[in-house]
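1. Kindly generate the corresponding structure for this input.
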Amino acid sequence: MAEPNIHSAPQRVGLPASKRLTGPHAAVWKYDLLTALSVFALGQGATMQTSILRLIAVATARYDWRRDELSIGRVELMRLWQCSEPTVKRELRRLRETGLLVQVRAGVRGRVAAYRLCRHALERLTQGHWVHAGPDFTARMQGTPEPEPSAGNVVSFPQTDAEKGRGLALWARALNEAEPTVFGNWFSEVVARQQGNEAVFTAPSPFIAQQIETRFPRQMLEAARYAWPTAQTVRVEVQAP
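-> All right, here's what the predicted structure looks like:
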């Protein structure tokens, strides 16, 4: 498959304020960014696939989201990418030519170079592939309202007897109000209970359990403490078959 056409990088770099890299919704945007790169790479040839995989690896392992900056030397990239120095130079050049990486500081006098992910280049390259990740993903990337799920896709939220007729459980209500996208995407089928000083979240599958335990420990603890002020820790388990 032919590689995508390469255009000069746009003058604007970095992410606009509407897609902040820190704050309540930052985690959603970061994963959407990696998803966009992933679905784009899957539609490319082997060379570009490898380049995007390496970009995803370094963004996941070393990107400073608070500063919106990647600062890493060639030796570290050689180790992370498991390749030679000429390959590192070639990959950095290719990623800069696509506009995905913009150099914001040259590496001089023992100081490593610094790069920044360019959202505008990322959107330009990947937007034709967003549809493969689903209409909700496309809507988020376009900044438009996400489509309402069809009636057949709506899953009733499990409720305790005390909460029936009163909407969501307290912890779910708190999480939904704070981060509705996170709740809708990951916690709509999760139930939780208090067990001593521990809040136990029960996921419907091992995959969801692994994802919420890895990605949302802070959100779960905050929601649990809202419902149960004495909760000190959280634990994730998988629903018994």
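
2. Now do the contacts for the most centrally placed residue in the chain.
-> Centroid-nearest residue in the chain, with Cα atoms, centre = their mean: Tyr31, separated by 1.3 Å. Residues in contact with Tyr31 (Cβ atoms under 8 Å, 6 or more residues apart in numbering) are Arg215. Bear in mind the C-beta positions are built from the backbone N, C-alpha and C, glycine included.

3. count of residues packed around Val190?
-> 22 (other Cβ atoms under 10 Å).

4. hey, where'd the strands end up in the protein?
-> Taking DSSP state E as the test, the strands found in the chain are 70-71, 101-105, 114-117, 191-195, 198-203, 233-238.

5. want to throw those strands into TSV with distance to Asn185?
-> Converted to TSV, the strands of the chain look like this (distance: least, Cβ to Cβ, whole Å):
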stretch	distance to Asn185
strand 70-71	27
strand 101-105	28
strand 114-117	22
strand 191-195	16
strand 198-203	13
strand 233-238	16
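
6. Outline the domain layout of this protein.
-> Domain assignment for the chain by automatic domain parsing gives 17-142, 154-238.

7. Confidence-wise, which of those domains is weakest overall?
-> Looking at these, the lowest mean pLDDT belongs to domain 154-238 (a mean of 83).

8. The closest residue to Ile208 other than its chain neighbours: what's it in contact with?
-> Leaving aside its chain neighbours, Ile208 sits nearest to Trp186 (6.6 Å; criterion: Cβ to Cβ, 6 or more residues apart in numbering). Applying Cβ under 8 Å, 6+ apart to Trp186 gives the contacts 208, 211-212, 215-216.

9. same deal with Pro204?
-> Each residue near Pro204 by Cβ under 8 Å, 6+ apart is listed here: 189-190, 238-239.

10. So the nearest residue to His132 once chain neighbours are set aside versus Arg119, what's the distance?
-> Leaving out its chain neighbours, the residue that sits closest to His132 by Cβ to Cβ, 6+ apart is Val39, at 4.8 Å. Val39 sits 16 Å away from Arg119, going by Cβ to Cβ, to the nearest Å.

11. Cys83 now?
-> The gap separating Cys83 from Arg119 is 27 Å, by Cβ to Cβ.

12. the more surrounded of the two?
-> Higher neighbour count among Cys83 and Arg119: Arg119, with 21 against 15, using other Cβ under 10 Å.

13. List the contacts of the nearest residue to Ala114 once chain neighbours are set aside.
-> Closest residue in space to Ala114, ignoring its immediate chain neighbours: Arg105 at 3.9 Å, by Cβ to Cβ, 6+ apart. Applying Cβ under 8 Å, 6+ apart to Arg105 gives the contacts 71, 111, 113-114.

14. Count residues in the vicinity of Gly143, would you?
-> There are 8 residues near Gly143, going by other Cβ under 10 Å.

15. And it, its phi and psi?
-> Main-chain torsions, Gly143, degrees, to the nearest 10: phi 80, psi 30.

16. Enumerate the helices of the chain by residue range, in sequence order.
-> 26-42, 46-62, 74-81, 85-98, 119-126, 135-142, 170-178, 180-182, 206-215, 217-227 (DSSP state H).

17. Of those helices, give the one that comes closest to Asn197.
-> Nearest to Asn197 among the helices of the chain is helix 217-227; the distance by Cβ to Cβ comes to 10.3 Å.

18. So what pairs up with the closest residue to Pro217 other than its chain neighbours in the strands?
-> Nearest residue to Pro217, sequence neighbours excluded (Cβ to Cβ, 6+ apart): Val234, at 6.6 Å. Counting by DSSP bridges, Val234 forms beta bridges with Ala199.
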